[in-house]
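*Asks:* pasting the sequence and the predicted coordinates here, then a few questions.
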Amino acid sequence: MKLSRRRFLKGAAAVGATTAAAAGGTAFVLLGRDHPDVAASAGVDRVVRTTCSPNCTGSCGQLAFVRDEMVVKVQQAADYPDAAYNPRGCMKGISYHTLIHGADRILKPLIRTGERGSGEFREASWDEVLERVAGDMKRIGQRWGYDSIHVFGQVPGSGYIQKGANYRASALLGLTHGTSFDFNGDLPMGMPITFGVQNAEHEAKDWANSRFLLLIGANPVETRIPDVHFLFDALEKGARMVVVDPNFSGTASKADAWLQIRPGTDAALGLAMAREILAADLGDLDFLRTYTDAPLLVRLDTGLRLRERDVVAGGSEERFAFRDERSGEIGWVGTKRLGMPRGSRAALGGTYRVRLADGSRVEVAPGFELVRRELETWTLDRAEQVTGISADRIERLARAYATSKPAAILMGGGSNHWFHGDLTGRAMGLLAAMTGNIGVSGGGFSVYVGQYKVRVNVGPWNNPDGAKAHIVPSIYFVRGRSETMHPDVPYPEHGFHGLVVTFANMFVQAPDVNRLHETLRELDLVVVVDHQMTETVKWADVVLPAATWYEKTDLTATPLHPFLQLQQAAIEPVGESRTELWMWRELVKRIAPDRAAAMEVTEDEAIEMILAAGGDRGGPTEGITLAQLRDGPVRLNVPDPDIPFLAQINDLEPFPPVSLPAPLEATAAFLPTRRIEFYKEEERFRELGETVPTYRDPHDDGVHDPSEWPLTLLTPHSKWRIHSTYGNNPWLAEIHGGRPKVLIHPDDASARGIETDDLIEVYNTRGSITAWAEVSPAAGVGAVTLPEGWWPRDFAAGKGVNELTTSEVNPIHEVHFVANMWSPSTGWKDCRCEVRRVEEAGRA
Amino acid sequence: MTAHVDVDRRTLGGARRRIGPFGLWIGFLLLVMAVAFGTWIYQVSNGLGVTNLRNTVMWGQYILFFMFFVGLSAGGLIVASSGRLFGATRFSPIVRLAVVEATVAVMLAAIFLFPDIGRPERLWHIFRYPNLTSPMVWDFTIVAAYFALSAAYVWLYTRADLAAAGSPLALGTADTPESRARDDRWKGILAWIALPAAVLLHSITAWIFGLQISRGFWYTAIMAPMFVASALVSGLALVILLALVVRRFGRLHFDDGLVSYLGALLAVFISVEAFFVLSEALTAAYPGAPFEGDPIARMLTGQFAPLFWFEVIVGLFVPFVLLARRSWRASPRVVAVAAGIAIIGIYVHRLNLVLNGLAISPIGLPPGVSVGTVQDGSSFAMSNWYVPSLVEWIIVAGVLAFGALVFTFAARWLPLQPRQH
Amino acid sequence: MPERRSPVDLLSPVSRAYGELEPPSEHPRWGMVVDTERCIGCWSCGVICKSENNVPLGMWWNRILTEGDGLDVPTSEHGHPEMSWTPLACQHCDNAPCTKVCPVQATYIREDGVVMMDNTRCIGCRYCMIACPYGVRTFNWGAPDRPNGLETGMVEARPVGTVEKCTFCVHRLEEGQVPSCVWSCPAGARIFGDLNDPDSRVSRLIRDRSGEMLLEEKGTLPKVRYLPARRRQEL
Ligand SMILES: Nc1nc2c(c(=O)[nH]1)N[C@H]1C(S)=C(S)[C@@H](COP(=O)(O)OP(=O)(O)OC[C@H]3O[C@@H](n4cnc5c(=O)[nH]c(N)nc54)[C@H](O)[C@@H]3O)O[C@H]1N2
Ligand SMILES: Nc1nc2c(c(=O)[nH]1)N[C@H]1C(S)=C(S)[C@@H](COP(=O)(O)OP(=O)(O)OC[C@H]3O[C@@H](n4cnc5c(=O)[nH]c(N)nc54)[C@H](O)[C@@H]3O)O[C@H]1N2
Ligand code: SF4
Ligand code: SF4
Ligand code: SF4
Ligand code: SF4
Ligand code: SF4
Ligand SMILES: [Mo]
């Protein structure tokens, strides 16, 4: 360390030691050792094990230490049966009691007295607010239909019971439930497109088994704090870590190499790497033959795959052609099993002519031939032009990645939160597959994003007697329906007239917030359920005070680790706050007494339902009991380490594996070939020229001409908050000072006469905010960075960062529709802006 | 009886002439003290947070005045004992005043510890649990000893005259040739103790700072000598000023020759002090190593330059020039001015020492050290500029007022003027 | 009012086992190792310290310094950014300047090497804060300020007008548990144990990865040691 690098003055130490002895001596003599015994802990009334569950992927077991019905300490439970996961938790989770008992805690139901957004409320009794909400809902239901009430609640994975209650009640009342995984831009559309799954990440523990870690757009040092040690475990075993990021992130500071990339250009990097790997003959072609659509022939006339039906009258729709290099003949593969016919050697390149059943001849080529053609255009130099990363570093990266086995790609929101994030995902998927890193421990292509994952069978709880809520992607709530919207989306006939926001800070965290505000005009009722006085709460007509996860029972899981855990009440709900289940029960009672019985279920009974539903042989919750869960986390019935696609890779089962809670048929439709697909034949892919992995400039470049709007606004996640949660944590505010700072590169700053701590305006055609400048070499040139989640009240002008972000929908994401699985994913980082100085530091 | 009467006439008669202004003066001092005492109560009940001290600058005005008055107390014994040891009989007219000054000064120094510490009611712990390795314990001891010493001096010099005047302050002792001889013998012995004691007092106070390896600016061997030198300057300067004041009120008589002689002596002390200041700055600055170098840079050119150059130019250079020329220092006015600004100079020197030593938190990495109280923005600070709060000024004023009061009474009722025979 | 129990006794067996101290030698000398390669500057150790010890707002016993230009801001020597973190609490110096200067021995070294505070004795002279080269001591300047009045923690609050600092969580050591910050470090960057036992994990780490002392040249002989960052292997 800089500090201690100075040479050790033995003399000083020696002299010191002697005087110390002297001191000790005299101390002993005179002290009479009459120091009071300070070494006893103060007692507590009880210690309760629960789970920290903001919209964070951590899902960390916490202990609540209770004294006089107050939580006086929160600390990691560190009781995971797999010691590698202990302890689990971050500085935010272990200071949550400052929020439970904090100044912004909502203690009573509230009814709006002033304008919407004025934050003027009066306290009311539960009876009054429930009557009011029930009455309004009925009125809206009768006038517009109940489906015109939109229930927006974030990521189900972090609370199957209370969040499930939203779905259950919506199903009973016929409300429309919104979506979050896609709305959050977390849904990595490259996954359903390529692998037919919602997402498929390795459990965090498996990072430690990797030899090479390629992190793109992921900042685990700040956003995966409980798991980041697994990276260090790998590094200590000699692995290398490369971080691709426009900013010198906390993670970059730990990496062997940091590649500073131009924002939104990761796909180009991936394609150039793929080309380099093929050129150097480092690809695993047999993997491509066995598991992917690479060998399957595509008709160059229609762009559709060559099916048996095309060639043989009465042939099958689901048998696909390949060309055997040995025999020069065409062979067929079905969709029941992966792999190729024994003894064959499928061609991956070239074009061929085949005679169709109707006698005509068409030119065909293996899917991979078409992929290769696209790759050919991605020379290192072109990639350098686009990404700003030097050609030779790209080359070295490609070779290092392809030659270290196993090698893992960890992708995060930074790369995914783009209009064309799907293309980045497809390129990375291609890299992982062509190096045989799929389905192997320490390898894989993992996209770590929100805690979206439903790991258990929630069907019987969310869908009473099979009744299901209408699910409409919430982006359509913000924008209204798009021309290209998928016909299966149950968009309400009369549009939306009511909004219930729960477990979400929608008016801060949603994209394009100004557009969201416009929807308010149509809304006869806005209900917000929360326990903190957030900006969103201020826009409510009625505020229902929620219990925190230290005051109620729930069941949680996360993609990052394979343990099922309970939330257990450590204290009674503070003030008059209540659980969501209770609120819905009371509302259903008042709106539809005939269906009220279905809500007469306790949390424990609901958990039992879910455990039972997934409890059959091979089911996720096989053999797991509520009693076990009460004692601590229980590993779900998944392989160890928990790695996706094992059945496909080892047993040649067709893709995709099931993505809960959707039925397999629904997601299987994403992959007609039931193989990993790099070639997409659906019409819109062909229209838009995205049949194979390719690159597109950031979408907002089309909206804001880069010559006029030279800067990109990046809004990554802050280590100090989970989105806006903990934004009002008094201890953390002491550290970071509570002032939104915009990271800007010295070049961009000096060009605008901006210095650190100047008050600056960040603006584009959608909106404008003012914050303080942090001029730093950590920022990428041409990119300004302001972490999301700051409370609007912290900004100089009281407006939050999502004033500027876009809500536009990528039509590719509308080719199929399965909520949260193939559904419009947003692009937070896809946002151009300009910056100017408002006030000099000091005066600011 | 009769004796009493004419004592009364001598003193009270004088009083009757100046009762007005004298009464006002005493009243004023008492008022200041009352306000200050109230303020101190306020400080005790709210904690030291009412000062502008924080974890970043945890020592300030109070400690500063402690050091400052320890220094001021030097003058007395120097004049007194050097008068003895080196037969500098010229001093004799002001010796009594000097020892009184010393006594009062060291008393004030001690008093300044009370507002400085967080738990004044526990000050006695220092005697109950003394830690022999703590310079602060050494300093307590020497301050106490020094107080006793100077008090003894006052007694020895004034006892006989008090007795002669039949003042109760003579504690019933009589004024006889033998007793005078005994007093003289004791003066001789005390002189031998007093001088080293004085030197020790200033050195130890210096070591409170100078032994702290944690603070680059302080950790230097020159700290002690420099303290002694600055003590000589401020101590002598104060004696000169007080002497002139008291002479003005006709309670003391000496010729201007003595004044310019003291002025010359002061000039010598100043040059010694200047020499130390220079050699310290040079030694620290020369290697340009960050640890010692930083505070020096701050002192010579940075944040603290104004203080430093004030100290050097106003505090050292100007008075030296004023006193260097025989013709100038012949005028008591000039000497008084020189002495006055020399004292201010030493105060600024102390200020500089404390503030600069604490200006940067020990490990200069962001976000710095925790401030210790809630403030807007971050709770940490890399560096801190400290300006005493009103509370601190009031309390300081109160202690000064107390000192003035004691000295006034002394000047009023102690025979400062040796009787000629 | 239910009778209260030690928070350690109330832990589940699994949790309790996680926090167990390594069996110490006969005369333990407690020390801590901080792995700067693993430290991610998350401040969990600082925050749990506040919570465990009921440290008021404005005061921190344990802070995390950024080796950079600002909090979480890297330095950039010739366009090559660098950043790392140095968590800093009381170093429990064997040759502790603070204990030497304390006039009343209110801060002293226990037999197990922990540098301790006696807040019933401290007179609040703040000399120890002057003497400490690490700036880890904090004074109680007034009535404690707590988040919305919330009293946290497992020990008593310290009286106004006295100094406080890291205690190595002695109240936990007594119950055979590692300090709270060691428990709560999510990166495994804090290791605690007996420096007198040559085979303890801390002793081995200090040997094998040359644990360094902070401000070694001041001769304070800290019992907290820092493991240097590993060398990076370029692409
Ligand atoms: N502390 C904390 N942890 C969290 C969350 C939180 O809010 N706070 N949120 C949780 C949730 S829901 C999510 S979705 C995840 C998100 O967390 P991450 O997956 O880490 O995503 P971000 O923080 O958005 O961005 C990560 C990095 O991508 C960089 N980046 C930005 N644009 C680009 C780009 O175009 N290319 C590349 N290669 N990099 C880019 C950013 O500079 C940033 O350093 O974190 C989860 N964990
Ligand atoms: N500009 C920009 N915006 C972004 C992102 C970005 O990268 N850039 N990231 C996006 C991503 S990835 C995500 S996941 C979203 C997250 O968006 P949100 O999930 O809306 O963000 P949070 O701030 O976590 O809001 C959670 C809210 O739920 C409340 N809450 C907590 N517990 C409970 C409970 O038990 N009951 C109820 N009723 N409420 C509770 C909290 O108090 C808080 O107000 O943000 C998105 N927004
Ligand atoms: S905030 Fe997230 S990471 Fe931190 S403790 Fe809670 S769940 Fe874990
Ligand atoms: S908790 Fe661990 S990783 Fe976090 S700052 Fe402290 S030492 Fe570093
Ligand atoms: S770090 Fe400071 S407070 Fe702790 S023992 Fe060392 S000197 Fe004393
Ligand atoms: S402040 Fe307390 S502990 Fe520190 S030196 Fe003074 S008395 Fe000792
Ligand atoms: S050992 Fe205990 S007191 Fe010391 S920093 Fe860690 S938590 Fe705080
Ligand atoms: Mo997310």
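*Replies:* Okay, I see it. Residues are numbered from 1 along each chain as shown, chains lettered A, B, ... in the order given. Ligands and ions are numbered 1, 2, ... in the order given.

*Asks:* residue B:225: what secondary structure?
*Replies:* Per DSSP: H, G, I helix; E, B strand; the rest coil, the secondary structure class of residue B:225 is helix.

*Asks:* can you give me the neighbour number for it?
*Replies:* 20 (other Cβ atoms under 10 Å in any protein chain shown). C-betas here are computed from N, CA, C, even on glycine.

*Asks:* wait, it touches residue B:275, no?
*Replies:* No: counting by Cβ atoms under 8 Å, residue B:225 sits too far from residue B:275 to count as a contact (9.7 Å).

*Asks:* where does the prediction get shaky in the chain?
*Replies:* Here I'm looking at chain A. A:1-33, A:37-39, A:842-844 (pLDDT under 70).

*Asks:* my bad, the chain I had in mind was chain C
*Replies:* C:1-2.

*Asks:* can you map out the strands along chain C?
*Replies:* All strands of chain C, identified by DSSP state E, fall at C:30-35, C:63-67, C:75-77, C:80-82, C:84-88, C:107-109, C:115-117, C:138-139, C:163-164, C:190-194, C:224-227.

*Asks:* okay, the closest residue to residue C:96 other than its chain neighbours and residue A:720: tell me how far apart.
*Replies:* Computed as Cβ to Cβ, 6 or more residues apart in numbering or on different chains, the closest residue to residue C:96 that is not its neighbour in sequence is residue C:115, at 5.2 Å. According to Cβ to Cβ, to the nearest Å, residue C:115 stands 31 Å off from residue A:720.

*Asks:* and residue A:659, by the same measure?
*Replies:* 33 Å.

*Asks:* cool, and residue B:344?
*Replies:* 49 Å.

*Asks:* could you do residue B:241 as well?
*Replies:* Counting by Cβ to Cβ - residue B:241 and residue A:720 are separated by 59 Å.

*Asks:* neighbour count for these two, which is higher?
*Replies:* Neighbour totals were compared for residue B:241 and residue A:720, and residue A:720 leads with 22 against 19 (other Cβ under 10 Å).

*Asks:* test my guess that the more buried one contacts residue A:728.
*Replies:* No: between residue A:720 and residue A:728 there is no contact, the gap being 11.2 Å when judged by Cβ under 8 Å.

*Asks:* which residues touch the residue nearest the centre of chain C?
*Replies:* Nearest residue to the geometric centre of chain C (Cα atoms, centre = their mean): residue C:89, 4.2 Å. Contact analysis of residue C:89 by Cβ atoms under 8 Å, 6 or more residues apart in numbering or on different chains lists C:45, C:49, C:61-63, C:136, C:165-166, C:181, C:224.

*Asks:* which of those residues has the most neighbours?
*Replies:* Neighbour counts for those peak at residue C:45, which has 27 neighbours (criterion: other Cβ under 10 Å).

*Asks:* so how far is residue A:782 from the closest residue to residue A:706 other than its chain neighbours?
*Replies:* Leaving aside its chain neighbours, residue A:706 sits nearest to residue A:832 (6.7 Å; criterion: Cβ to Cβ, 6+ apart). The gap separating residue A:832 from residue A:782 is 10 Å, by Cβ to Cβ.

*Asks:* just residue A:225 next, same as before
*Replies:* Relative to residue A:782, residue A:225 is positioned 29 Å away (Cβ to Cβ).
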